[in-house]
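# The following comprises the amino acid sequence and a computationally predicted model.
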Amino acid sequence: MLRITIVILWVCILSDVSAQREIHTFSDDGAWCWFSDPRAVQEGDVIISGWVKRDGTVEAASLDLQHQTRNFATLYPELEVDDHDNPAFAILPDSRILAMYTWHSSKKGIIHQVTEKPLDVSTFSEPTVIRPGIDELLPKFPRETYTYANPFLLADEGEKVYSFGRWIGYKPNMIESDDDGESWHSPRVIISPEEFDPGNRPYVKYASDGKSRIDLVFTDGHPRVEPLNAVYHCYYEHGAYWRSDGSKICSLDELPFEPEEATPVYLPDSLSGRAWLADLGTDADGNLVILYTRHPEETDHYYHYTYYDTKQNSWVDHQICRAGGWFPQTQEGETEREPHYHGNLTLHPSRLNTIYLSREIDGVFEIEKRTTNDRGKTWKIESITENSEYDQVRPYVPRNAPPQGKTAVLWMENRKYIHYTNYDTAIKYVIEDIE
């Protein structure tokens with residue numbers, strides 16, 4: 001009985017401490033999806049982020065953690081009312097900011113902009129639209145739609161910029177730039193079944209060490225479309241793609257490869273259900289962690305933490321917790337169009353034992369911080385939000401956040417979220433000061 005009492009007191013203490021966290025509003029009008037990343041980056045005490053407003057305007061903003069000041073800039077007025085259009089960011093070697101984003105499933109192309117001054121969102125250039133891969137790829141992969149952008153720099157390749165998205169062929173593509181995003185070349189389809197299917201769309205999350213490597217975790221299709229979709233991992237390095245164990249899949253000139261050629265992370269069955277992705281992280285020691293969801297039922301989502309064990313050359317998986325159901329507010333008499341929209345979860349990019357997740361508690365999605373000292377077997381839980389009036393979803397820690405010191409946990413508050421084209425949402429945050 002004494003042990004039970006101690007545990008209950010410990011949980012209560014955590015709850016009391018978490019209730020004192022001060023929740024701030026970054027923007028009272030902003031929405032984002034989770035497949036255009038990094039949707040926030042950090043250098044020093046400055047965080048750069050961005051979102052799509054209710055009227056479809058794409059906005060960028062900076063947050064000074066030291067002085068609690070915010071600055072805002074319109075990247076593209078009234079682009080499109082769709083949360084898929086949120087900008088993703090990369091910090092260039094001279095601390096200027098590259099922003100990239102797209103319309104959703106449009107032929108219009110990919111948009112990129114660069115600031116004139118370091119970390120100054122007020123100096124973004126005018127938007128430039130590109131449509132890479134039309135002549136080279138369309139004949140072989142006859143479907144042209146642009147969705148998502150994921151830019152990264154690799155220092156070992158002369159600070160070359162790579163960007164990834166679902167573009168030509170409705171498949172993951174990559175492009176590269178040698179001049180800080182001023183011009184782009186070498187469009188390539190990365191993943192595609194040998195027999196091209198214009199309706200098949202792998203979903204990918206990316207992470208980079210900023211030096212030589214970009215990791216990819218992907219599904220072989222959308223969970224709403226594929227009866228049972230699996231999760232795979234690979235990485236790009238030195239002009240080729242590699243499996244988790246370092247064995248080669250193919251060179252860039254041999255792309256695309258089939259999903260099954262990568263390393264399986266999760267192979268589903270009828271009981272464990274479909275999967276979707278949340279986050280991917282790699283730290284300075286080369287550790288690699290994937291966060292993803294399993295959906296035994298569309299109303300029943302579960303969060304999973306899996307890491308790559310280099311000694312066993314295998315992925316080790318642990319279930320974190322039940323996430324709840326979907327969060328879109330299904331209208332009476334309607335069938336939910338996005339039943340796999342989980343509350344979402346994210347890694348602290350420099351502390352892979354620390355995650356932030358959104359799960360359903362008493363009918364409302366709340367944000368929690370969880371830390372593990374045994375690689376996902378057990379978790380210490382702290383509440384970030386409690387007794388919320390609205391759902392708190394899609395948390396994110398800025399990439400390049402330091403392992404110690406100040407960063408922020410950002411998330412979306414849904415006053416209304418009926419669909420990704422019908423929302424009234426805000427971007428909230430708390431400051432984390434890790435010793």
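Structure's in. What do you need?

# can we go C-alpha only for contacts and neighbour counts from here?
Fine.

# And the contacts of stretch 363-378?
Under the contact criterion C-alpha atoms under 8 Å, 6 or more residues apart in numbering, stretch 363-378 has outside partners 305-307, 318-320, 327, 343, 353-360, 379-393, 395.

# Do me a favour and get the end-to-end distance for that stretch?
By C-alpha to C-alpha, to the nearest Å, the extent of stretch 363-378 from end to end equals 25 Å.

# Could you do stretch 299-319 as well?
End-to-end distance for stretch 299-319, by C-alpha to C-alpha: 17 Å.

# and it, average pLDDT?
Here stretch 299-319 scores 96 as its mean pLDDT.

# Likewise for stretch 359-376?
Taken as a whole, stretch 359-376 has a mean pLDDT of 98.

# same question, stretch 167-186
Stretch 167-186 carries an average pLDDT of 95.

# residues in contact with that stretch?
Residues lying outside stretch 167-186 but in contact with it, judged by C-alpha under 8 Å, 6+ apart, are 92, 98, 112, 114, 132-134, 137-138, 141-147, 158-166, 187-192, 198-204.

# filter those to the buried ones?
Using 16 or more other C-alpha atoms under 10 Å as the burial test, the contacts of stretch 167-186 include 92, 98, 112, 114, 132-133, 137, 141, 143-147, 159-166, 187-192, 200-204 as buried.

# dump the residue contacts of Phe72.
Applying C-alpha under 8 Å, 6+ apart, the residues contacting Phe72 are 59-62, 121-122.

# do Val52 as well
Going by C-alpha under 8 Å, 6+ apart, the list of residues near Val52 reads 29-32, 58-59, 81-83, 85-86.

# circling back to that earlier point, show me which of the contacts of stretch 363-378 are buried.
Burial by neighbour count, 16+ other C-alpha under 10 Å: within these this picks out 305-307, 319-320, 327, 343, 353-360, 379, 381-386, 391-393, 395.

# Of the buried ones among the contacts of stretch 167-186, which belong to helices?
Leu137 (DSSP state H).

# who touches Thr282 in this structure?
By C-alpha under 8 Å, 6+ apart, the residues touching Thr282 are 207-209, 288-289, 349-350, 352.

# Go again with 6 Å.
By C-alpha atoms under 6 Å, 6 or more residues apart in numbering, Thr282 lies in contact with Leu288.

# gap between it and Gly210?
10 Å.

# Partner strands of the longest strand belonging to the chain, with direction?
As far as residue count goes, and with DSSP state E defining each element, the longest strand of the chain is strand 405-419. In the sheet, strand 405-419 lines up against strand 391-396 (antiparallel), strand 422-434 (antiparallel) (DSSP bridges).

# Give me the buried positions along stretch 295-305.
For stretch 295-305, the buried set under the neighbour-count rule, 16+ other C-alpha under 10 Å, comprises 295-298, 300-305.

# Let me know whether Leu79 touches Glu59 as I believe.
No: using C-alpha atoms under 6 Å, Leu79 is not in contact with Glu59; the gap is 10.3 Å.

# Which residue of those two possesses the greater neighbour count?
Of the pair Leu79 and Glu59, Glu59 is the one with more neighbours under other C-alpha atoms under 10 Å, namely 23 against 16.

# picking up where we left off before, strands - which of the buried ones among the contacts of stretch 167-186 land there?
Applying DSSP E to the buried ones among the contacts of stretch 167-186, the entries found in strands are 98, 112, 114, 144-147, 160-166, 187-189, 204.

# what about Leu277, distance to Ile290?
When C-alpha to C-alpha is the yardstick, Leu277 and Ile290 sit 8 Å from each other.

# Same question for Gly281.
With distances defined as C-alpha to C-alpha, the gap from Gly281 to Ile290 amounts to 7 Å.

# Which members of the buried residues of stretch 295-305 occur in strands, if any?
Filtering the buried residues of stretch 295-305 for strands - DSSP E - leaves 295-297, 300-305.

# Determine which two of those are furthest apart.
Taking C-alpha to C-alpha, the two most distant members of these are Glu297 and Tyr305; they sit 19.2 Å apart.

# quick one: the helices in this structure?
Assigned by DSSP H, the helices in the chain fall at 2-19, 134-137.

# Worst mean pLDDT among these?
Ranked by mean pLDDT, those end with helix 2-19 at the bottom, a mean of 37.

# so where's the chain shaky on pLDDT?
Applying pLDDT under 70 to the chain flags residues 1-20.

# ok, now with 90
In the predicted model, the chain carries pLDDT under 90 at residues 1-21, 185-186, 227, 283-286, 434-435.

# burial count for the closest residue to Asp64 other than its chain neighbours?
In space, not counting the residues next to it along the chain, Asp64 is nearest to Val46; the distance is 4.7 Å by C-alpha to C-alpha, 6 or more residues apart in numbering. Here the count is done by other C-alpha under 10 Å, and Val46 has 22 residues near it.

# Same question for Arg322.
Arg322 is surrounded by 15 other residues when neighbours are defined as other C-alpha under 10 Å.
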